[in-house]
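> Sequence isn't available, so here's the structure alone:
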Ligand code: 13P
């Protein structure tokens, strides 16, 4: 596709056609390469995403350079997204560096303040042709430095979603519907009734957070109800780390990073492909030719 693209069109197309694009949180070059290879092999559109912690760890310029190199080599459409950012200045910096999609997470504030902060980001992103995602309600669990205890998690209100979209002009919405970041204790309790109402009232692509460990049938139902993007982070980190641990268990003296990165990359690729099959984006790169 030559270059990174905005995820707005990607996600609108996914919603119109009833599938979900998988968005993977990557933390190293090998993780990034693994999900890109996974997408290329299955001809799936792809969203690479990084948390604020990873932006600080690697540097946005390095991340953009690696993602841009992947896009240049690849035949599938790829967007680069900044996940859960609470800091306007960092959002602007990432847009300047070349991110093609950003999330302003002001969900911890009252509705009016969430609207105000999202409006500001929509203004700057729109001028740069960059997609924006915002959250309503509060997704529980731990994502980087953002920690939401179970009792503080809050479902999105469908009528508030309508008002929020009208007031902010945000192109993609992440309504909290009962999923959580991290690994679930038991099955997630997804509020399908609420999601269905949001699906009927809001025609935008919706975003499913907490994609690790959601049972297959629940993912499919979410996608059929407008969830056009599914975020996966924790399961990918576990696959990557477990593969490395296995190498060191067998050979504690291993000191060639390539010897443990190769199996780690393969584990991430396999998991990424399983998630792509779940959300139905396999073969959909053709929608963007
Ligand atoms: P998991 O860590 O549960 O996969 O959630 C990912 C996510 O929603 C990132 O925003």
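That came in fine, so what should we check first? Owing to the predicted nature of the structure, the values given are computational and were not obtained by experimental measurement.

> average pLDDT across stretch 77-86?
Per-region confidence: stretch 77-86 scores 98 on mean pLDDT.

> Now do the buried residues in it.
77-86 (16 or more other Cβ atoms under 10 Å). Glycine gets a C-beta too; all of them are placed from N, C-alpha and C.

> next one: stretch 217-237
218-223, 225-237.

> Check stretch 66-75 too.
66-68, 70-71, 74.

> which other residues reach it?
1-5, 29, 32-33, 36, 39-40, 43, 48, 78, 80, 98, 285 (Cβ atoms under 8 Å, 6 or more residues apart in numbering).

> how about the nearest residue to residue 281, chain neighbours excluded?
residue 44 (4.4 Å; Cβ to Cβ, 6 or more residues apart in numbering).

> My guess is residue 218 contacts residue 189. True?
No. Residue 218 is beyond contact range of residue 189, at 9.9 Å (criterion: Cβ atoms under 8 Å).

> quick revisit: tell me which of the buried residues of stretch 66-75 fall in helices.
66-68, 70-71 (DSSP state H).

> The ligand: which of these is nearest?
Distance to the ligand, by Cβ to the nearest ligand atom, is smallest for residue 67 among these, at 16.9 Å.

> Enumerate every residue touching the residue nearest to residue 179 when sequence neighbours are not counted.
Using Cβ to Cβ, 6+ apart and skipping residues adjacent in sequence, the residue nearest residue 179 is residue 210, 3.6 Å away. Residues near residue 210 by Cβ under 8 Å, 6+ apart: 139-141, 179-182, 188, 231.

> tell me which element residue 210 is part of?
Under DSSP states H and E, no helix or strand contains residue 210.

> how about it, phi and psi?
phi 70, psi 40 (degrees, to the nearest 10).

> What pLDDT is listed against it?
In this model, residue 210 carries a pLDDT of 96.

> And the helices in the stretch 151-289 of the chain, which stretches?
For the stretch 151-289 of the chain, helices defined by DSSP state H, counting those that start in this stretch occupy the ranges 158-168, 192-201, 216-224, 234-250, 257-279.

> Make a PyMOL selection of whichever of the contacts of residue 210 turn out to be buried.
Selection of buried members from these for PyMOL, criterion 16+ other Cβ under 10 Å:
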select buried, resi 139+140+141+179+180+181+182+188+231
